[in-house]
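S.K.: One predicted model, sequence on top.
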Amino acid sequence: MAHFIRIGENLNVMSSILGKAMKARDAAPVREMARREAEAGVDFIDVNIGPARKDGPELIRWLIENIQEVTDVRISIDTTNLDAMAAGAAACRRPPLLNSISLQTSRFERGLELTASSGADCIALLWSDAGMPRDANERAMLMVDFLHKAGEFGVPHDRIWVDPIVTPVNVDINQVKACLEFISMVKEIAPEARTVCGLSNVSNGVPSHLRPWINRTYLIMMMRGGLGAAIVDAFDDTINEIVSGAKGRIVEVVSRVAAGERIDPSTLDEEEIKYYKTARVLMGETVYSDSWLEI
């Protein structure tokens, strides 16, 4: 079984503590979070500064310098500011992951130029000038376009991590299912390309105490289709158990639901029933509601 890559999502400007620390250039909370994520065993630390329109390049350099003081875990530079992305790539001691390069005209070529010149890997966000792809087939067409253009810039497929754009389960179940379908298509179309997703996007808007059930179940379903990496909560021990193979029975239950098998709930224990019910919601077999675990 190939090693599943975890990209820690916790060093994020949206965090109340870390956002204030970034604004004040207070290194201690940043270093502590980077240290904790490294100790949790993540493969990359995602450094999310958002648009950072005012001081993006200076901020990302400062962050990366401080992170590299406490760990040598590779860095994912997460911003829509391409100037900041370039500054961050230059500050990294090891080739980073650029999160992300979309197919939008304003970002596409410059993002690929940066990927090629820096030796970085990049996340190919399947978002074009037309917006969000409608289904799995549109995602496949956008991926082919991205890979073709990347080849023109000298970026090989194995440095491209394809992101299908995960959306919330309580917004459009068809998009949730389209990502599952698309992930299973990638290896047939582009065997060397990698796959990645922002896992917690699937539970945006779901009550906070219920979000882990959605995230973990969807991760199992995406991994079943061949997902190779995800941006995740570094401190979710159950996710760590899932990717390490320690939740075999849970994985089996979810996989059987994803495969369309009928399961007698009376054969499941209390935890397995929760995953069973959640998998049915994610497959569109049960309509989402905040009380899906109680039904």
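M.R.: That came in fine, so what should we check first? The structure presented is a predicted model; accordingly, all values stated were derived computationally and were not measured.
S.K.: Show me which positions of stretch 272-286 end up buried.
M.R.: 272-283 (16 or more other Cβ atoms under 10 Å). The C-beta positions use only the backbone N, C-alpha and C, and glycine is treated the same way.
S.K.: who's in contact with that stretch?
M.R.: Contact partners of stretch 272-286, identified using Cβ atoms under 8 Å, 6 or more residues apart in numbering, comprise 169, 173-174, 176-177, 180, 202, 213-214, 216-218, 220-221, 249-250, 253-254, 257-258, 263, 265, 268, 287-288, 292-293, 295.
S.K.: quick one: average pLDDT of stretch 93-113?
M.R.: For stretch 93-113, mean pLDDT rounds to 96.
S.K.: how long is that stretch end to end?
M.R.: Chord length of stretch 93-113, first to last residue, is 19 Å (Cα to Cα, to the nearest Å).
S.K.: Relative to the whole chain's centre, how far out is that stretch?
M.R.: 16 Å (Cα atoms, centre = their mean, to the nearest Å).
S.K.: And the buried residues of stretch 272-286, which is closest to Thr79?
M.R.: Leu282 (29.6 Å; Cβ to Cβ).
S.K.: That closest one and Asp163, how far apart?
M.R.: Distance from Leu282 to Asp163, counting by Cβ to Cβ, to the nearest Å: 18 Å.
S.K.: now Leu11
M.R.: Counting by Cβ to Cβ - Leu11 and Asp163 are separated by 19 Å.
S.K.: ditto for Ala91
M.R.: The gap separating Ala91 from Asp163 is 23 Å, by Cβ to Cβ.
S.K.: Between these two, which is the more surrounded one?
M.R.: Asp163 (27 against 19; other Cβ atoms under 10 Å).
S.K.: got the contact list for that one?
M.R.: Shown in contact with Asp163 (Cβ under 8 Å, 6+ apart): 100, 123-126, 195-198.
S.K.: ditto for Asn204
M.R.: When contacts are counted by Cβ under 8 Å, 6+ apart, Asn204 touches Pro168.
S.K.: can we see that at 10 Å?
M.R.: By Cβ atoms under 10 Å, 6 or more residues apart in numbering, the contact set of Asn204 is 166-171, 198, 211, 214.
S.K.: ok, now how distant is the residue lying closest to Arg110 once chain neighbours are set aside from Ile101?
M.R.: The shortest distance from Arg110 to any non-neighbouring residue, by Cβ to Cβ, 6 or more residues apart in numbering, is to Leu82 (5.6 Å). To Ile101, Leu82 is 9 Å away according to Cβ to Cβ.
S.K.: Overlap of the contact sets of those two?
M.R.: Joint contacts of Leu82 and Ile101 (Cβ under 10 Å, 6+ apart) are 107, 110-111, 113-114.
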